[in-house]
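1. quick check, what structure comes out for this input:
(2 chains)
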Amino acid sequence: MTEAASARAIAVAKELDRIMRSDRGRLLSILAAGFRDLSLAEEALQDASVSALSHWSRTGPPQSPQGWLLTVARRKALDKVRASGRDTKKVQELTVLIAREETEPEDIPDERLRLIFACCHPALEMKSRLALTLRSVCGVTTPEIARLFLDEEPTMGQRISRAKAKIAKAGIRFEVPEPEHWAARLDAVLTTIYLIFTTGYVAGPGEARDLCGEAEFLIRLVNDLRPDEPEIEGALAMMLLTGARRAARIDSKGASVPPAEQDRSLWDHARIDEGRTVLTRAIQRREPGPFQIKAAIADCQMAEGGPDWAQIAGLYHALYRYEATPVIMLNAAVAVAEVGDLAAALATVESLAAELCDYQPWHAARAALLAEAGRPKDAAASYKQAIALAPGQAEALFLERRLAALRQ
Amino acid sequence: MQYMMLMYNDPALEPAYGTPEFQEMMGGFFAANDRMKADGVLVSGEGLQGVETATTLRIKAGKVETMDGPFAETREHLGGFYVIDVPDLDAALKYAAMIPSAHFGAVEVRPLMDYNPAG
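-> So this is what the prediction gives:
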């Protein structure tokens, strides 16, 4: 290879890398929707990018590199299906698809919403939804996903392939659902993105691929592709308002800090402002929903002069109408205690004992209420149980401090 | 795509014959049948006699062995099925939700194998 040729090859590799970074999700969603097969789409796109390296090095990048990649990927997919010799119906479909593309518009539509709805389909197990969405839409690699979810790499790889195979074989379509299914399916998408967010929030920002960042990318994407949906805006606002407190949630000693005691100078005020603007816009649409309520709770945690517990209590009761879970009841009780009705709060907490006896926050909340009620012995016993169940060092440290304060 | 909707339920939880609940359930089945026929998606569907009528057969070392009773030792048994032809899983799930026994049992939705993809 001459020097000029190798310089060109490097430039082409860089350009291709840039396109794959920025447009992989878009290209993949178009291919997957056409093939109705995510694995085939991924393999074909991979083959197309290998082929791009050699072709573009000779001739230079084409006028529309994305269009080129799509065309070549479709032909590669046809070759693959033909070579397998089994699925003649698929061969026919792909032939039709390729014939149709000759008349396709120049600018490539953004079909990522279809890909997101397929990856977050309620017929898939929750963890598979998280993994598949991160892999396909965000382009996070399987080893990275395995690490983020504390799984072995082969286990995670199998989980992702199983989910892709189910999409193809069970007939999960790459479509934005019809109005009759819209609300339920949107909720599945938002819940998936929210779980990606909370997984990252608990893990902290140490990882190379930050799940909070990926979740924010996803929710912004969904909000761009389907504007004016109050629940999407609610989910975005909730992630912004919760994410704004991230730097303040662990103190210098490594203990977790509840919002009421956090150093407010560490809060991200740009995020808070954006979150409040988005939430206000959502609420003005007058179609309340669980994500808007959760965002409002996050907002009330950061009220001027400390959390607005009366509002928070009311909001948790409103949320209970959408999600009748003992955890929501527990959170409502904590707020009720803060407002001053300690007896009612303790009664509620005690009534949840059977359902939440393995749930660390239940023991922690109960301990705090017992301490407040002047029952330090019972409080200490509860703190000890909470410490034993603490999911991480930060929570354990926080609880140990409370326990120590009890003895003074 | 063709999907089989397999209806599983615990006979103990089923409404008893002659009760208003039984009437309601049967009404629900008739409504579901009518809807699937009207939409042109119904391929076939049958209900099975009770699990006490089941005989299970195996061939062990070339010898036919039969056993009185169902194959699986569970409380929820296969009670019937529908086969429908619809475009995708979402459509199949929509019809599955019309089956009245989903209220006290479960409906498993599975695509049929396509032995002749050239069709």
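
2. contacts and neighbour counts: CA atoms only from here.
-> Fine.

3. by proximity to chain B, which residue of the stretch 301-408 of chain A wins?
-> Taking C-alpha to the nearest C-alpha as the measure, the stretch 301-408 of chain A has residue A:324 as its residue closest to chain B, at 19.5 Å.

4. show the pLDDT at that residue.
-> Residue A:324 carries a pLDDT score of 95 in this model.

5. also residue B:52?
-> 89.

6. contact partners for it?
-> When contacts are counted by C-alpha atoms under 8 Å, 6 or more residues apart in numbering or on different chains, residue B:52 is found next to B:69-70.

7. helix, strand or coil for it?
-> Per DSSP: H, G, I helix; E, B strand; the rest coil, the secondary structure class of residue B:52 is helix.

8. roughly how far apart are it and residue B:19?
-> To residue B:19, residue B:52 is 22 Å away according to C-alpha to C-alpha, to the nearest Å.

9. center of chain B, which residue is that?
-> Centrality entry for chain B: nearest residue to the mean C-alpha point is residue B:81, 2.5 Å, by C-alpha atoms, centre = their mean.

10. residue B:3 is in contact with that one, correct?
-> No. Assessed by C-alpha atoms under 8 Å, residue B:81 is found out of contact with residue B:3, at 10.2 Å.

11. contact residues of the stretch 151-300 of chain A facing chain B?
-> Of all the residues in the stretch 151-300 of chain A, those in contact range of chain B (C-alpha under 8 Å from any C-alpha of the partner chain) are A:169-173.

12. can you list the residues you listed in TSV and add pLDDT, neighbour count and secondary structure?
-> Written out in TSV, the entries for these read as follows (pLDDT from 0 to 100; neighbours: other C-alpha atoms under 10 Å in any protein chain shown; DSSP: H, G, I helix; E, B strand; the rest coil):
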residue	pLDDT	neighbour count	secondary structure
A:169	92	17	helix
A:170	95	19	helix
A:171	93	23	coil
A:172	95	23	coil
A:173	92	23	coil
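
13. for the stretch 251-400 of chain A, which spans come out with low pLDDT?
-> By pLDDT under 70, the stretch 251-400 of chain A has no low-scoring segment.

14. now the helices for it?
-> A:269-284, A:290-301, A:309-320, A:326-339, A:342-351, A:353-356, A:360-372, A:376-389, A:393-407 (DSSP state H, counting those that start in this stretch).

15. got those helices as TSV, with distance to residue A:233 and mean neighbour count columns?
-> Supplementary listing: the helices of the stretch 251-400 of chain A in TSV, determined by distance: least, C-alpha to C-alpha, whole Å; neighbours: other C-alpha atoms under 10 Å in any protein chain shown:
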stretch	distance to residue A:233	mean neighbour count
helix A:269-284	6	18
helix A:290-301	8	23
helix A:309-320	17	20
helix A:326-339	21	21
helix A:342-351	32	17
helix A:353-356	31	13
helix A:360-372	28	22
helix A:376-389	34	19
helix A:393-407	30	16
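
16. against residue A:62, how distant is residue A:2?
-> Computed with C-alpha to C-alpha, the distance linking residue A:2 and residue A:62 is 22 Å.

17. what does stretch B:2-22 rub up against?
-> Under C-alpha under 8 Å, 6+ apart, the answer for stretch B:2-22 is B:25, B:75-86, B:92, B:96, B:101-102, B:104-112.

18. give me the longest helix you can find in chain B.
-> Ranked by number of residues, the top helix in chain B under DSSP state H is helix B:20-38.

19. picking that back up, how near is the residue of the stretch 301-408 of chain A closest to chain B to residue A:343?
-> Applying C-alpha to C-alpha to residue A:324 and residue A:343 gives a distance of 22 Å.

20. swap in residue A:377?
-> Distance, residue A:377 to residue A:343, by C-alpha to C-alpha: 18 Å.

21. are any of the contacts of stretch B:2-22 buried, and which?
-> With neighbours counted by 16 or more other C-alpha atoms under 10 Å in any protein chain shown, the contacts of stretch B:2-22 contain buried members at B:25, B:76-86, B:92, B:96, B:101, B:105-107, B:109-111.

22. can you narrow those residues down to the ones near chain A?
-> Taking C-alpha under 8 Å from any C-alpha as the test, chain A is in contact with B:110-111 out of the buried ones among the contacts of stretch B:2-22.

23. what packs against the longest helix seen in chain A?
-> Of all the segments of type helix in chain A, defined by DSSP H, the longest one is helix A:3-35. Under the contact definition 3 or more C-alpha pairs under 8 Å, 6 or more residues apart in numbering or on different chains; DSSP states H and E, helix A:3-35 sits against helix A:38-59, helix A:65-84, helix A:112-119.

24. ok, the closest residue to residue A:400 other than its chain neighbours - contacts?
-> For residue A:400, ignoring the flanking residues on the chain, the nearest one in space by C-alpha to C-alpha, 6 or more residues apart in numbering or on different chains is residue A:387 at 7.1 Å. The neighbourhood of residue A:387, defined by C-alpha under 8 Å, 6+ apart, consists of A:360, A:395-396, A:399-400.

25. the strands in chain B, which residues?
-> In chain B, strands defined by DSSP state E lie at B:2-9, B:42-47, B:55-60, B:63-68, B:77-85, B:106-111, listed in chain order.

26. now the fifth one against helix B:20-38, angle please.
-> Angle between the axes of strand B:77-85 and helix B:20-38 is 20 degrees (criterion: axes from the mean of the first three to the mean of the last three C-alpha atoms, to 10 degrees).

27. partners of strand B:77-85 in the sheet?
-> Each strand that pairs with strand B:77-85, with its direction, by DSSP bridges: strand B:2-9 (antiparallel), strand B:42-47 (antiparallel).

28. list the contacts of that strand.
-> Looking at strand B:77-85 with C-alpha under 8 Å, 6+ apart, the contacting residues turn out to be B:1-11, B:36, B:41-51, B:92.

29. swap in the fourth one?
-> Residues from elsewhere that reach strand B:63-68 (C-alpha under 8 Å, 6+ apart): B:54-59.

30. now the buried members of the residues you listed.
-> Not one of the contacts of strand B:63-68 meets the buried threshold, by 16+ other C-alpha under 10 Å.

31. for the residue most central in space within chain A, grab phi and psi.
-> The central residue of chain A, meaning the one whose C-alpha is nearest the mean C-alpha position (C-alpha atoms, centre = their mean), is residue A:193 at 2.5 Å. Torsion angles at residue A:193 (phi, psi; degrees, to the nearest 10) stand at phi -60, psi -40.

32. off-centre distance for stretch A:323-332?
-> Averaging C-alpha positions (C-alpha atoms, centre = their mean, to the nearest Å) puts stretch A:323-332 22 Å from its chain's average.

33. same question, stretch B:50-57
-> How far stretch B:50-57 lies from its chain's middle: 16 Å, per C-alpha atoms, centre = their mean.

34. cool, stretch A:166-180 as well?
-> Per C-alpha atoms, centre = their mean, the displacement of stretch A:166-180 from the mean C-alpha position of its chain is 20 Å.

35. what sits against residue A:5?
-> When contacts are counted by C-alpha under 8 Å, 6+ apart, residue A:5 is found next to residue A:57.

36. wait, residue A:177
-> With contacts defined as C-alpha under 8 Å, 6+ apart, residue A:177 is in contact with A:117, A:185.

37. can you list contacts of the helix or strand hosting residue A:242?
-> Secondary structure assigned from DSSP states H and E places residue A:242 in helix A:230-243. Counting contacts by C-alpha under 8 Å, 6+ apart, the residues outside helix A:230-243 that touch it are A:190, A:194, A:197, A:201, A:212, A:216, A:219-220, A:222-223, A:271-272, A:274-276, A:278-279, A:281-283, A:285, A:287-296, A:298-299.

38. can you do 7 Å?
-> Surrounding helix A:230-243, the residues in contact under the criterion C-alpha atoms under 7 Å, 6 or more residues apart in numbering or on different chains are A:190, A:216, A:219-220, A:223, A:271-272, A:275-276, A:278-279, A:282, A:285, A:287, A:289, A:291-292, A:294-295, A:298-299.

39. compute the inter-axis angle for that helix and helix A:290-301.
-> Calculated by the same axes, to 10 degrees, helix A:230-243 forms an angle of 30 degrees with helix A:290-301.

40. just the CA trace of helix A:230-243, in PDB.
-> Output of helix A:230-243 as PDB, limited to C-alpha atoms (Å, rounded to 0.1, in the frame of the first residue of the first chain):
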ATOM      1  CA  PRO A 230     -47.100  14.300  29.400                       C
ATOM      2  CA  GLU A 231     -45.900  11.000  30.800                       C
ATOM      3  CA  ILE A 232     -42.800  11.100  28.600                       C
ATOM      4  CA  GLU A 233     -42.100  14.600  29.800                       C
ATOM      5  CA  GLY A 234     -42.800  13.400  33.400                       C
ATOM      6  CA  ALA A 235     -40.300  10.700  33.100                       C
ATOM      7  CA  LEU A 236     -37.700  13.100  31.600                       C
ATOM      8  CA  ALA A 237     -38.400  15.600  34.400                       C
ATOM      9  CA  MET A 238     -38.100  12.900  37.100                       C
ATOM     10  CA  MET A 239     -34.700  11.800  35.800                       C
ATOM     11  CA  LEU A 240     -33.500  15.400  35.500                       C
ATOM     12  CA  LEU A 241     -34.700  16.300  39.000                       C
ATOM     13  CA  THR A 242     -33.400  13.100  40.600                       C
ATOM     14  CA  GLY A 243     -30.100  13.200  38.600                       C
END
